[in-house]
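Asker: I would like to see how this sequence folds:
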Amino acid sequence: MRRLLPLVLWLTFSAAAWAAGISPDEVQVEFRDETYFGRLGIRVPVPPSVALDVLTDFEHMAAFVPNVTSSRLLARVGDVYRVAQEGKARFGPFSFRFASERRIEVFPDGRIVSRGLSGSSRYMRSELRLSPDGGNAVRIDYRLEVVPEDWLPSAFGTAFLRHELSEQFSAMAAEMLRRRQAQGSP
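Answerer: Numbers count the residues shown, from 1 in each chain. Sure thing, here's the model as predicted:
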């Protein structure tokens, strides 16, 4: 039974993430020089404007991203945001509290660049690119570099980050679809 537990946990998380839209297998994570590098690409059948609305709805993010318990917009000057978030990430029998303050800039070419200012990571930088993908759909490509504050074994850390990114982007994609439907868009 002990040998089956990791397999059962993996299948449970993979099935839950897949049902929500993005499988952890679709998320690529590498560990090099104390840094985790994550990336994913998804297509969501919503207009880019709906996707951008969800991705920048920092005041309501705790309502639709499962591991975020608090999300506050601290400041905004044009397309530059300062955001504070807290949450609790769960992976199998483990849970981790996290906090972050980030500077997020939205560029006219469809990029959203985020840089950690303080929180649970020694270093964090991400870049998300939105691009129209035929008709009424958007392509989202995401890249992340993060150095956790506390040491994690790399094998556990890569699986954990794959799970977290899968869960977060599945939740955001579901919110995008919900909003598109609420607007009555095709």
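Asker: which parts of this protein are helices?
Answerer: 4-20, 48-55, 61-64, 154-183 (DSSP state H).
Asker: with mean pLDDT added, can I get these in a markdown table?
Answerer: Below are the helices of the chain laid out as a markdown table (pLDDT from 0 to 100):
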| stretch | mean pLDDT |
| --- | --- |
| helix 4-20 | 35 |
| helix 48-55 | 95 |
| helix 61-64 | 96 |
| helix 154-183 | 90 |
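Asker: so which of those gets nearest Val138?
Answerer: Smallest distance to Val138 across those (C-beta to C-beta): 4.6 Å, for helix 48-55. Any C-beta I mention is one placed from the backbone N, CA and C, and that applies to glycine too.
Asker: what's the angle from that closest one to helix 154-183?
Answerer: Relative orientation of helix 48-55 versus helix 154-183 (axes from the mean of the first three to the mean of the last three C-alpha atoms, to 10 degrees): 120 degrees.
Asker: what residues of helix 48-55 count as buried?
Answerer: 48, 50-55 (16 or more other C-beta atoms under 10 Å).
Asker: how about stretch 172-186?
Answerer: In stretch 172-186, counting by 16+ other C-beta under 10 Å, buried: 172-177, 179-180.
Asker: re the thing from before, with respect to Gln28, which of the helices of the chain lies nearest?
Answerer: That would be helix 154-183 among the helices of the chain, by C-beta to C-beta, at 8.1 Å.
Asker: among the buried residues of helix 48-55, which pair sits farthest apart?
Answerer: Pro48 and Val54 (10.9 Å).
Asker: make JSON lines from the buried residues of helix 48-55 and add distance to Glu30 to it.
Answerer: Converted to JSON lines, those look like this (distance: C-beta to C-beta, whole Å):
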{"residue": "Pro48", "distance to Glu30": "29"}
{"residue": "Val50", "distance to Glu30": "31"}
{"residue": "Ala51", "distance to Glu30": "26"}
{"residue": "Leu52", "distance to Glu30": "28"}
{"residue": "Asp53", "distance to Glu30": "31"}
{"residue": "Val54", "distance to Glu30": "27"}
{"residue": "Leu55", "distance to Glu30": "24"}
